[in-house]
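Undergrad: missing the sequence, but the structure's below:
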């Protein structure tokens, strides 16, 4: 727990989601005072299941939240990709001892609220982190010595820096980048949490299964200590005339008419789903404006197909705090260094996620080609292809081994 702070003016973080809280915690662990401004009436995390890959778990461990997450998560034994039409296994990647030895951490699945809650508890225990609700950040103006952060209510916060972790429709991004609305990926995802007691025992698998088929895919795995199953059905569709909200079972299953029996059975376990439009932005080459920078979905929102959105926000958070520490609180230089380190990796995730769209949703001869790509691959060969994703970056691995910079910062 921090005993002193290195900045008189706080670093303001817009957004109290996973990325924002991780950034606040990481900065506090490097003895910087932070104010988190969350627009909602209370801190919480909407959503359902979350895949916590080794690179994400490495950050949570480094920040002291890993044990809590692992107690509530399921450490999976494998990842399975299956053909949605025939039900046959396309790719089976073991995630046991060999996997953990290679990447340093296991692969987990959890409820998003459990990950968020673990970070929130750690932030509440840090005296140098102030958590404000009902505080939507609307804009900023740069002044000598820092930045003045403007809230929707009209209040202003004199700050040393502003980190925008306010999501894919970030207000700060529009002030900084001015690139308008995010793009539609041409798909929607129907989400539901199904009580474990209602889930057929034969379909209760201790790992995530993705059934891929023409124009759609289905993902399913247990969360919350097997009390619920996270179900996400993704369907390729022009989203121009579609609204987000509740969808009936008829709308969801019509795409999966000719799919294998497990898919049909799982989809019919819920009478309604929440419909979300999948959106993304193209990579950009600058996230910063002096003492202002972007983080997570505000910086590099990606389609969901690679399951790395939260992981990228976590990596951003620890990298940003590390650079602010290394630069002794000189945030303009630190933010330039942070984005130089993070842009290429996050952009590769953005682009790779879009490529998986075609792989997962292949039909006709492309489906046969996809299935053949995985035939004969060894487990080690599959891990080789995933290593660039799952291997924690050096600044995550080194976090605990390097104490905070001893030099105090005087603004």
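TA: Received the coordinates, thanks. Note that this is a predicted model, so its numbers are computed, not measured. Residues are numbered from 1 along each chain as shown.

Undergrad: any stretches of the protein with poor pLDDT?
TA: Applying pLDDT under 70 to the chain picks out residues 1-3, 45-47, 239-240, 406-411.

Undergrad: longest single strand anywhere in it?
TA: In the chain, taking DSSP state E as the definition, the longest strand is strand 183-195.

Undergrad: ok, then the element right after that one?
TA: Downstream of strand 183-195, the next assigned helix or strand under DSSP states H and E is strand 209-213.

Undergrad: and the longest strand of the chain, which strands flank it?
TA: strand 228-236 (antiparallel), strand 272-280 (antiparallel) (DSSP bridges).

Undergrad: okay, helices next: where are they in the stretch 301-411 of the chain?
TA: Taking DSSP state H, counting those that start in this stretch as the criterion, the stretch 301-411 of the chain contains helices spanning 309-326, 331-360, 364-374, 379-390, 394-397.

Undergrad: quick check: buried residues in the longest strand of the chain?
TA: For strand 183-195, a neighbour-count test (16 or more other CB atoms under 10 Å) marks 184, 185, 186, 187, 188, 189, 190, 191, 192, 193, 194 as buried. The way it works is simple: take the backbone N, C-alpha and C, and place the C-beta from them, glycine included.

Undergrad: if we can go back for a sec, for the strands paired with strand 183-195, which one ends up most surrounded?
TA: The densest packing among those, expressed as mean neighbour count by mean count of other CB atoms under 10 Å, is seen in strand 228-236 with a mean of 23.

Undergrad: so for the protein, the centremost residue is which one?
TA: In the chain, the C-alpha closest to the average C-alpha coordinate belongs to residue 310, at a distance of 1.2 Å (CA atoms, centre = their mean).

Undergrad: now that one. Nearest residue, chain neighbours left out?
TA: In space, not counting the residues next to it along the chain, residue 310 is nearest to residue 18; the distance is 5.2 Å by CB to CB, 6 or more residues apart in numbering.

Undergrad: same check, this time on residue 190
TA: If the residues on either side of it in the chain are set aside, residue 190 comes closest to residue 273, at 3.8 Å by CB to CB, 6+ apart.

Undergrad: partners of that neighbour in the sheet?
TA: Partner residues in beta bridges with residue 273: residue 247, with DSSP bridges as the criterion.

Undergrad: just residue 187 next, same as before
TA: residue 236.

Undergrad: about what we covered before: export the strands paired with strand 183-195 to a markdown table and tack on distance to residue 163?
TA: Shown next, in a markdown table, are the strands paired with strand 183-195 (distance: least, CB to CB, whole Å):
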| stretch | distance to residue 163 |
| --- | --- |
| strand 228-236 | 29 |
| strand 272-280 | 21 |
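
Undergrad: so which of the ones you listed gets nearest residue 340?
TA: Each of the strands paired with strand 183-195 has some distance to residue 340 by CB to CB; the shortest is strand 272-280, at 22.4 Å.
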